[in-house]
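**Q** Quick one, what's the 3D model for this:
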Amino acid sequence: MSAPDLAGLRVLVVEDEMMVSMLIEDMLTDLGCIVVGPAARLDEAIALAEGEQIDCAVLDVNLGGQPIFPLADILRAKGAPFAFATGYGDAGLRDVDKGSLVLQKPFRETDLARILGELRAKVG
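**A** All right, here's what the predicted structure looks like:
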């Protein structure tokens, strides 16, 4: 299976762990994506989601003890596809979020590329 074409895909990155955020940015750059952010706090992430052009997002479920769900609701209302990044699978998700794409931490670039390919297919 060939890697999806992700060139130019604008991806909002929301991650509060600096090293993980840098790793995701590097992976996205390697895949040809344009990184929006990253944001380490919910208020930053919401401002980016509302003020920047994005195609999709990768959302850490827990930002320093604050759940990401208000941003997920905003993105869903805007029709912007997203994936949750978490070490807990879908166990930490709300009922409304069950069935969403989940990147299981830790993940490799191939995992990220696969998820982004699925998100790109949902971009209008």
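**Q** What lies in contact with stretch 60-67?
**A** 14-17, 20, 40-42, 45, 68, 84-86, 88, 92-93 (Cβ atoms under 8 Å, 6 or more residues apart in numbering). (Glycine included, C-beta is placed from N, CA and C.)
**Q** switch to 7 Å and redo it
**A** 14, 15, 16, 40, 41, 42, 68, 84, 85, 86, 92 (Cβ atoms under 7 Å, 6 or more residues apart in numbering).
**Q** Phi, psi for the second one please.
**A** Recorded main-chain torsions at residue 15 are phi -160, psi 130, according to degrees, to the nearest 10.
**Q** That one and residue 23 touch, don't they?
**A** No - using Cβ atoms under 7 Å, residue 15 is not in contact with residue 23, being 9.0 Å away.
**Q** Neighbour count: the two, which is higher?
**A** residue 15 (24 against 16; other Cβ atoms under 10 Å).
**Q** For residue 103, give its distance to residue 43.
**A** To residue 43, residue 103 is 23 Å away according to Cβ to Cβ, to the nearest Å.
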